[in-house]
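>>> Prediction below, plus the sequence it came from.
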Amino acid sequence: MNYAVILAGGIGTRFSYTQPKQFVRFAGRTLIGHVLHTFDKSMYINKIIIVIAPECKDFLDNILLNEHFNKIYKVVIGGKSRQESSRLGIAAIDEQNANVFIHDVSRPLVSQKIIERCALNLKMHKAVVPVVPATDTLIQTDDNKSVLSVVDRKHIYQTQTPQCFSLDVIKRAFELSGQDVGFTDECSMILKHKLCEVHMIQGDRTNIKVTFPEDIYVANALYNMNARQR
């Protein structure tokens, strides 16, 4: 059984809109609407768990009431951090033998191909993450003012979501991490505690993260480009 845990608990403080980022619309739907429809249509996803901030629950209820979804399993109130929201979403899975696809709602253009690659690779690996090669020049600094060195990007990749795991492995990672709040994603917990290899798969350049208001225009352009290529 494959569960998608959709993390929509943030309020997007860097986004500077009058409403939470996940409910801003582009290409006819909200960010969260795009994500839910993609996972709902996937033949590799059985159930969807949405993790939402309490102040956003009414927005979400309105979307679920007016749009048709078949796989919504639970809606969970999130925590104060991404890590806590992820933990709460995973805890809502009642099965013992399952896989979990953890996806940030700020990546509304996740594709069916990425979900498929993740699902197929989970048959051979306990942890899977989509990545793309880093293309920008990367620098290192020790004072945030001057360049210390230029990083060789030959072995540097940027991670995307969904990050995907066997349920037993990711639950164990959260158990071992306890109250440590220093993690920005789930892969870092797996690696710190040496629970298993994290297998990289091909991501997609269009699977962008919407962080700032101008990213909405980029997402809209990419959506239209993808639509023309279908």
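The structure has been received and is ready for your questions. Residues are numbered from 1 along each chain as shown.
>>> So, low pLDDT: which residues of the protein?
Using pLDDT under 70 as the threshold, the predicted model of the chain has low-confidence ranges 11-18, 230.
>>> quick one, helices of it?
In the chain, the helices defined using DSSP state H lie at 31-41, 57-66, 82-91, 112-121, 167-177, 186-192, 213-229.
>>> Would you mind listing the buried residues in the last one?
For helix 213-229, the buried set under the neighbour-count rule, 16 or more other Cβ atoms under 10 Å, comprises 215-216, 219, 222-223. Just so you know, the C-beta spots here come from the backbone N, C-alpha and C atoms, and that holds for glycine as well.
>>> cool, stretch 180-191 as well?
Residues of stretch 180-191 classed as buried under the neighbour-count rule (16+ other Cβ under 10 Å) are 183, 185-190.
>>> Next one: the most far-flung residue of the chain relative to its centre from D152, what distance?
When distances are taken from the C-alpha mean of the chain, S146 lies farthest, 32.5 Å away, according to Cα atoms, centre = their mean. As for S146, its distance to D152 is 19 Å (criterion: Cβ to Cβ, to the nearest Å).
>>> do L109 as well
Taken as Cβ to Cβ, the span from L109 to D152 is 30 Å.
>>> More neighbours: these two, which one.
A side-by-side neighbour count of L109 and D152, using other Cβ atoms under 10 Å, places L109 first with 24 against 8.
>>> can I assume that one is in contact with T206?
Yes. At 5.3 Å, L109 and T206 qualify as touching, with contact defined as Cβ atoms under 8 Å.
>>> Touching both of these two, which residues are there?
When Cβ atoms under 8 Å, 6 or more residues apart in numbering defines a contact, the residues bordering L109 and T206 alike are 222, 226.
>>> related to what we said a few turns ago, quick one: closest of the helices of the chain to T135.
helix 213-229 (15.6 Å; Cβ to Cβ).
>>> for that closest one, packing partners?
Secondary structure elements in contact with helix 213-229, counted by 3 or more Cβ pairs under 8 Å, 6 or more residues apart in numbering; DSSP states H and E, are strand 25-26.
>>> Okay, now the sheet partners of the strand it packs on, with direction.
strand 29-30 (antiparallel) (DSSP bridges).
>>> now the strand it pairs with, how far from the centre of its chain.
A distance of 17 Å separates the C-alpha centroid of strand 29-30 from that of its chain, computed with Cα atoms, centre = their mean, to the nearest Å.
>>> just stretch 116-133 next, same as before
What separates the centre of stretch 116-133 from the centre of its chain is 14 Å, taken as Cα atoms, centre = their mean.
>>> Need the residues that contact it.
Under the contact criterion Cβ under 8 Å, 6+ apart, stretch 116-133 has outside partners 2, 42, 44, 99, 101, 114, 153, 156-166, 169-170, 187, 190, 195-205, 207.
>>> Can I get the buried part of the residues you listed as one PyMOL selection?
Applying 16+ other Cβ under 10 Å to these, the buried members can be selected in PyMOL as follows:
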select buried, resi 2+42+44+99+101+114+159+160+161+162+163+164+165+166+169+170+187+190+195+196+198+200+201+203+204+207
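>>> Quick one: residues contacting V147.
The contact partners of V147, taken as Cβ under 8 Å, 6+ apart, are 139-141.
>>> Can you convert those into CSV and add a column each for distance to P130 and neighbour count?
Formatted as CSV, the contacts of V147 follow (distance: Cβ to Cβ, whole Å; neighbours: other Cβ atoms under 10 Å):
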residue, distance to P130, neighbour count
I139, 25, 11
Q140, 25, 9
T141, 28, 10
